[in-house]
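**Student:** Coordinates only, no sequence provided:
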C-alpha cells in the first residue's frame, strides 16, 4: 500500500494512494484507522483493521482525486531521524574523503520535516545549500540489539527523502557543525507517501534520481550502498532502541552540488525532485527566507 497523510476539507486523515492517482479516504470513526500514520504504526489494532479493510476491497472508503487533497509529510511527530553519511563510495570521494569503515551517523530534528510540494527555505545565514536524494527507511517494530538476519522484520516501509545540507555550516565552521548544517527548518523533505515494504521487491535494487530544474544531477542505484539496510538497522540498534516511526536516511549517491566544479548550490526559484523506483517522486520548490 501507499499510505499518505492528507488534509481533506481541513481534516487530517490517513489515505490510500491508488494506481489511478486518486486517493481513498479512511474515516477514523468508520474504519478504526487513526487520523495520523504515526498513531497507526504504534497500534496493532489499527494495523489489523487496515488489513481487514484491504481484504474487503476498502469497502466504504470514499475515493477522491489527488487534486482534492493536500499531501502532508507521511510522518512528522516522531522520535528519531537518523542519517547515514558517505554511504556511497563515489559520493565519499567527491566530498574529498574515502569510503568509511563503519557507518557515519548523524541526526536531524523532526522539526526539519516537510512534505512534497512544500517549500524548502534557504536560510539567510547560509549561501551553500545543497540537495541529497536518499532512500528513507521507516521502522515499524521496536527493537534493541537486533540481529542482522532479523533486521528487515523491523522495516515497515520506505519514502523518498532529501537531506538538504548547508555546506558552509556542516563543514565550514569550527569543529564541523553537521547537526546545525542539516537540521534547519524545511531541510528534511519526506514523501510523497509511505510505501509499505511488500510493494518494494528489493530495496537494494532501486534506481535513485535527483533532478534540479528538470535536469538530472544524481543518478544511481541502491545496489551501491556501502552499508545495506539490514546492517544499518542492526548496527544502530546496538546504540539505541529503534521505535515505530523512526526514520533512517540511508545516504546519498554522487552528483551533489558541493562535489561539482564549479559547485552548484540551490537558489530561490529552483525546483528539486527526488525520484526513487517503486517509491515515488518527491518535489519541492526553493524559496528565500524572508
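**Tutor:** Cool, got the structure. Keep in mind that what you see is a predicted model, and the values were worked out from it rather than measured. Numbers count the residues shown, from 1 in each chain.
**Student:** tell me the contacts of the nearest residue to residue 222 once chain neighbours are set aside?
**Tutor:** Spatial nearest neighbour of residue 222, excluding adjacent residues (C-beta to C-beta, 6 or more residues apart in numbering): residue 206 at 4.5 Å. Where C-beta positions appear, they are placed from N, C-alpha and C, glycine not excepted. Counting by C-beta atoms under 8 Å, 6 or more residues apart in numbering, residue 206 touches 135, 200, 221, 222, 276, 277, 278, 279.
**Student:** what are the ranges of the helices in the stretch 151-290 of the chain?
**Tutor:** 167-170, 178-182, 229-236 (DSSP state H, counting those that start in this stretch).
**Student:** Which among those helices is found nearest to residue 255?
**Tutor:** helix 167-170 (14.5 Å; C-beta to C-beta).
**Student:** Who are the packing partners of the closest one?
**Tutor:** helix 178-182 (3 or more C-beta pairs under 8 Å, 6 or more residues apart in numbering; DSSP states H and E).
**Student:** what comes up buried for the helix it packs on?
**Tutor:** 178, 181, 182 (16 or more other C-beta atoms under 10 Å).
**Student:** and if you look at stretch 30-47?
**Tutor:** Using 16+ other C-beta under 10 Å as the test for burial, stretch 30-47 gives 31-43, 46.
**Student:** what do you get for stretch 160-176?
**Tutor:** Residues of stretch 160-176 classed as buried: 160, 161, 162, 163, 164, 165, 166, 167, 168, 169, 170, 171 (neighbour count, 16+ other C-beta under 10 Å).
**Student:** Could you export those to JSON lines, including columns for pLDDT and distance to residue 143?
**Tutor:** As requested, those are arranged in JSON lines below (pLDDT from 0 to 100; distance: C-beta to C-beta, whole Å):
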{"residue": "160", "pLDDT": "98", "distance to residue 143": "25"}
{"residue": "161", "pLDDT": "98", "distance to residue 143": "22"}
{"residue": "162", "pLDDT": "98", "distance to residue 143": "27"}
{"residue": "163", "pLDDT": "98", "distance to residue 143": "24"}
{"residue": "164", "pLDDT": "98", "distance to residue 143": "29"}
{"residue": "165", "pLDDT": "97", "distance to residue 143": "29"}
{"residue": "166", "pLDDT": "97", "distance to residue 143": "33"}
{"residue": "167", "pLDDT": "95", "distance to residue 143": "34"}
{"residue": "168", "pLDDT": "94", "distance to residue 143": "37"}
{"residue": "169", "pLDDT": "94", "distance to residue 143": "33"}
{"residue": "170", "pLDDT": "92", "distance to residue 143": "30"}
{"residue": "171", "pLDDT": "85", "distance to residue 143": "33"}
